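Peer 1: what's the 3D shape of this:
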Amino acid sequence: MVPIAEKIDNVGFFSLEVWGGATFDVSLRYLNEDPWARLRALKQHVRKTPLQMLLRGQNIVGYHNYPDDVLTKFIEKAAENGIDIFRIFDALNDTRNLELSIKTVNSVGAHSQGSLCYTISPVHSTEYYLKVGKRMAELNCDSICIKDMAGMLMPEKAYELITALKREVGLPIHLHCHSTSGTVMMTYMRACQAGVDILDAAFSPFASGTSQPPVESIVAGLQNTKYDTELNMNILVEITEYFRTLREKYYDPLNLIDPLAERVDTGILTHQIPGGMFSNLISQLKEQNALGKLDLVLREVPTVRKELGYPPLVTPTSQLVGTQAVFNVLSGKRYKIVPKEVKNYVKGFYGTPPAPIENSIRKKIIGDEESIQCRPADLLDPQLGKIPEALKPYIQSDEDVITYALFPAVAAEFFKRRAGQKKEKPNAPSLEQQELQEVAAVSVAVAAFLKSTQSPQAVIPTRRTRAGISAWVLAARQEQIRPVG
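Peer 2: Here you go, the predicted model:
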């Protein structure tokens, strides 16, 4: 990303979403990279375009609610490391889970963008979204994002919703749609006609399917209209070629990407499963040798979602609904197996569902236990700084403390690997030391070469054998023993 970052910075985008969501976990767990270091590296090369992150409200970048002290410190450090815009959402649109995030983002002088998780159900009307949007305005959000994670927002509904939000809430509207259903370009055009302020897109090598629509196509399609973005198409093409080359070079050597996730799926208009969730379902069924039951699971998902109160299918509720649907199908008996996370959801530990949970289902899942009525994080004790003594020598920064609070097991392994890598590599020499070493290497090469000269030499010295070691071999060896940064 770094080699092309400055060129992307010159396009003129409203923002670049570069952090948050699953990227934090993935960096640690699979790439063995510090997510904070990745952010700082990008910020060094992107100076004009605001950097944006996806913040899961009280879930931060994880899959459950975290205490207030962890959330507050995370936002403060994220802003300090380079995040300018925080897109904040709660999977249930429960604004109680957004209040502290929005307040903290505003306190550090960053842009707070409240998100409406868009879904379709008997309770998710335009009036419902207006109520949530008005509450976000009361909390002093700077803008509102309509987060259509499954690509189900149809053109006329987009026009109706954006028009209503612009009229009754009055904040800038940022539309985020996925391409899954195949209708997104029509939706984006109708959104423009409704007065949308910002559209999300992806560079074409990474676009379409369960991703966003291609930015190049949007820019070209809006040229010479009153919605013309005026972005430089020539620069976009250069960036596209760069990423296309990378994609062809590195594309899925382990066959982790299923082709089903890269094409239009009109079935989503029925099962409403967003891209990330769809990929997870395929992965779960493959592990169980049960990919042939995918259609049964896709039919089970809407039923489970209805029984659990119509939660929007976005992290983490998409995982809860999807996993329960898989268990219901594979076990042969519905709710025979119920994960702990689903039980906690029914108990209210993720927030208030959009609609009441059916009593018969509640009974099957938690028996006679009562659900909590307060904000879930009110029940959590402060967590920062609770680091085992054995791990403290591996902690190098405040960011490490936060990382451990978010993902204790994964972070501990990462810290130990990082320490091991540093032991294997000596500290990098200073610039002055490097210069002295280079001078020494050249001096050794020249002195040895002159000493070995007893007859006229070719312009390109030949390697001597037996009589002595070539000066160039000496120089190369000197280079090899220099400390590596």
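Peer 1: doesn't N65 make contact with F349?
Peer 2: Yes. Contact criterion C-beta atoms under 8 Å: F349 and N65 qualify, at 6.9 Å. Bear in mind the C-beta positions are built from the backbone N, C-alpha and C, glycine included.
Peer 1: so what's the nearest residue to I372 once chain neighbours are set aside up against?
Peer 2: The spatial neighbour of I372 that comes closest, neighbours along the chain excluded (C-beta to C-beta, 6 or more residues apart in numbering), is G348 at 4.2 Å. Contact analysis of G348 by C-beta atoms under 8 Å, 6 or more residues apart in numbering lists S371, I372, Q373, P376.
Peer 1: just N140 next, same as before
Peer 2: I102, K103, N106, S112.
Peer 1: could you redo the last one with a cut-off of 6 Å?
Peer 2: Applying C-beta atoms under 6 Å, 6 or more residues apart in numbering to N140 gives the contacts N106.
Peer 1: you'd agree it is in a strand?
Peer 2: No. Applying DSSP: H, G, I helix; E, B strand; the rest coil, one finds N140 to be coil, outside a strand.
Peer 1: tell me the SS of the residue nearest to I372?
Peer 2: coil.
Peer 1: what's the separation between it and Q373?
Peer 2: Distance of G348 to Q373, given as C-beta to C-beta, to the nearest Å: 7 Å.
Peer 1: which neighbours do F349 and N65 share?
Peer 2: Contacts common to F349 and N65, judged by C-beta under 6 Å, 6+ apart, are P376.
Peer 1: which of these two has more residues huddled nearby?
Peer 2: Neighbours were counted for F349 and for N65 using other C-beta atoms under 10 Å; N65 has more, 26 against 17.
Peer 1: what are the ranges of the helices in the stretch 351-485 of the chain?
Peer 2: Ranges of helices within the stretch 351-485 of the chain are 359-366, 398-406, 408-424, 431-452, 471-480, based on DSSP state H, counting those that start in this stretch.
Peer 1: now do the contacts for the closest residue to T180 other than its chain neighbours.
Peer 2: By the measure of C-beta to C-beta, 6+ apart, the closest residue to T180 outside its immediate chain neighbours is G151, 3.7 Å from it. Contacts for G151 (C-beta under 6 Å, 6+ apart) come out as C177, H178, S179, T180, S181, V184.
Peer 1: strands - which of these land there?
Peer 2: C177 (DSSP state E).
Peer 1: nearest to T266 among the contacts of G151?
Peer 2: Within these, proximity to T266 (C-beta to C-beta) peaks at S181, which comes in at 6.0 Å.
Peer 1: what's the local residue count around that closest one?
Peer 2: Counted with other C-beta under 10 Å, S181 comes out at 21.
Peer 1: chain neighbours aside, what residue packs nearest to it?
Peer 2: Nearest to S181 is G151, by C-beta to C-beta, 6+ apart, at 4.4 Å.
Peer 1: next, that neighbour: secondary structure please.
Peer 2: Taking three-state DSSP as the rule, one finds G151 in the coil state.
Peer 1: I'd like to know how far it sits from S115.
Peer 2: To S115, G151 is 16 Å away according to C-beta to C-beta.
Peer 1: what do you get for M185?
Peer 2: Taken as C-beta to C-beta, the span from M185 to S115 is 22 Å.
Peer 1: those two: who's more crowded?
Peer 2: The neighbour count for M185 versus S115, taken as other C-beta under 10 Å, is higher for S115 (27 against 16).
Peer 1: wait, what's in contact with the more buried one?
Peer 2: Counting by C-beta under 6 Å, 6+ apart, S115 has contacts R87, F89, C145, K147.
Peer 1: in stretch 277-292, what's buried?
Peer 2: Within stretch 277-292, the residues scored as buried using 16 or more other C-beta atoms under 10 Å are M277, F278, S279, N280, L281, I282, Q284, L285, L291.
Peer 1: same check, this time on stretch 184-202
Peer 2: Buried, per 16+ other C-beta under 10 Å, within stretch 184-202: 184-185, 187-192, 194, 196-202.
Peer 1: cool, and stretch 115-131?
Peer 2: Quick answer for stretch 115-131 (16+ other C-beta under 10 Å): S115, L116, C117, Y118, T119, S121, H124, Y129, L130.
Peer 1: name the helix or strand for the fifth one, please.
Peer 2: With the criterion set as DSSP states H and E, no secondary-structure element contains T119; it sits in neither a helix nor a strand.
Peer 1: pretty sure it sits against P312.
Peer 2: Yes. Counting by C-beta atoms under 6 Å, T119 touches P312, with 4.0 Å between them.
Peer 1: only alpha carbons, please: show stretch 344-358 as PDB.
Peer 2: Extracted in PDB, the C-alpha atoms of stretch 344-358 (Å, rounded to 0.1, in the frame of the first residue of the first chain):
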ATOM      1  CA  ASN A 344     -25.600 -13.500  25.900                       C
ATOM      2  CA  TYR A 345     -27.400 -11.800  23.000                       C
ATOM      3  CA  VAL A 346     -30.800 -13.000  24.300                       C
ATOM      4  CA  LYS A 347     -29.800 -11.900  27.800                       C
ATOM      5  CA  GLY A 348     -29.300  -8.400  26.500                       C
ATOM      6  CA  PHE A 349     -25.500  -8.200  26.700                       C
ATOM      7  CA  TYR A 350     -25.200  -6.800  23.100                       C
ATOM      8  CA  GLY A 351     -28.000  -4.300  23.600                       C
ATOM      9  CA  THR A 352     -31.800  -4.100  22.900                       C
ATOM     10  CA  PRO A 353     -33.000  -6.000  19.700                       C
ATOM     11  CA  PRO A 354     -35.000  -4.000  17.200                       C
ATOM     12  CA  ALA A 355     -38.000  -6.200  18.000                       C
ATOM     13  CA  PRO A 356     -38.900  -8.400  21.000                       C
ATOM     14  CA  ILE A 357     -37.600 -11.900  20.900                       C
ATOM     15  CA  GLU A 358     -40.200 -14.600  20.700                       C
END
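Peer 1: circling back to that earlier point, which of the buried residues of stretch 115-131 sit farthest apart?
Peer 2: The largest separation in the buried residues of stretch 115-131, counting by C-beta to C-beta, is between S115 and S121 at 17.5 Å.
Peer 1: which helices and strands does the host helix or strand of A164 pack with?
Peer 2: Using DSSP H and E, A164 sits within helix 155-168. The criterion is 3 or more C-beta pairs under 6 Å, 6 or more residues apart in numbering; DSSP states H and E, and the helices and strands that helix 155-168 contacts are helix 126-138, helix 184-194.
Peer 1: alpha carbons of it, as CSV, please.
Peer 2: This file holds the C-alpha atoms of helix 155-168, laid out as CSV (Å, rounded to 0.1, in the frame of the first residue of the first chain):
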residue,chain,number,x,y,z
PRO,A,155,-33.1,2.9,-5.5
GLU,A,156,-36.4,4.3,-4.5
LYS,A,157,-35.9,3.4,-0.8
ALA,A,158,-32.6,5.2,-0.9
TYR,A,159,-34.2,8.3,-2.4
GLU,A,160,-36.9,8.2,0.3
LEU,A,161,-34.5,7.6,3.2
ILE,A,162,-31.9,10.1,2.1
THR,A,163,-34.5,12.8,1.4
ALA,A,164,-36.1,12.3,4.8
LEU,A,165,-32.7,12.4,6.6
LYS,A,166,-31.6,15.5,4.8
ARG,A,167,-34.9,17.2,5.6
GLU,A,168,-35.4,16.2,9.2
